[in-house]
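# sequence first, predicted coordinates after that:
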Amino acid sequence: MWYVYILECNDGSFYTGITDDIPRRFLEHKAGQGGKYTRSKGGAKRILYTEQFPTRSGALKREAQIKSWKRGKKLALVKR
């Protein structure tokens with residue numbers, strides 16, 4: 001399975017990504033070994049949202065969709 005996730009970074013900003021292992025990827029972001037964006041924002045604070053997909057392709061499409069959204073729409077998704 002593949003997952004789309006939204007993290008809150010230590011500076012309050014959001015990061016959206018995909019992975020096949022949420023706990024491992026969160027620890028990488030938290031340790032400063034995740035994406036360049038989370039490293040520049042002081043690491044990851046917490047996981048706000050996850051969504052599961054049977055294929056990597058499906059997760060990548062959803063990630064691209066979510067990344068195109070403004071913060072308010074992401075917040076609405078997280079609060080569902």
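Arrived safely.
# for this structure, just list every one of the strands.
2-9, 14-19, 44-53 (DSSP state E).
# could you identify which of these is most buried?
Mean neighbour count (mean count of other C-beta atoms under 10 Å) peaks for strand 2-9 among those, with a mean of 21. Placement of C-beta: from N, CA and C, glycine included.
# list the contacts of residue 28.
When contacts are counted by C-beta atoms under 8 Å, 6 or more residues apart in numbering, residue 28 touches residue 34.
# with residue 40 as the reference, measure out to it.
15 Å (C-beta to C-beta, to the nearest Å).
# still on that earlier bit, out of the strands of the chain, flag the one nearest residue 80.
Across the strands of the chain, the minimum distance to residue 80, taken as C-beta to C-beta, is reached by strand 44-53, at 8.5 Å.
# relative to strand 2-9, how tilted is that closest one?
Strand 44-53 runs at 160 degrees relative to strand 2-9, counting by axes from the mean of the first three to the mean of the last three C-alpha atoms, to 10 degrees.
# for the closest residue to residue 1 other than its chain neighbours, give me the pLDDT.
Distance criterion C-beta to C-beta, 6 or more residues apart in numbering; nearest residue to residue 1, sequence neighbours excluded, is residue 52 at 5.5 Å. Confidence at residue 52, expressed as pLDDT, is 98.
# just residue 71 next, same as before
What the model reports as pLDDT for residue 71 is 94.
# please apply the same query to residue 40.
Looking at residue 40, its pLDDT reads 90.
# list the buried ones in the helix or strand of the chain with the lowest mean pLDDT?
Between all helices and strands in the chain, the lowest mean by mean pLDDT, DSSP states H and E belongs to helix 36-40, at a mean of 90. Neighbour counts over helix 36-40 (16 or more other C-beta atoms under 10 Å) mark residue 38 as buried.
# can you spell out which helices and strands pack onto it?
In terms of contacts (3 or more C-beta pairs under 8 Å, 6 or more residues apart in numbering; DSSP states H and E), helix 36-40 is packed against strand 2-9.
# who does the strand it packs on pair up with?
With DSSP bridges as the test, strand 2-9 is paired with strand 14-19 (antiparallel), strand 44-53 (antiparallel).
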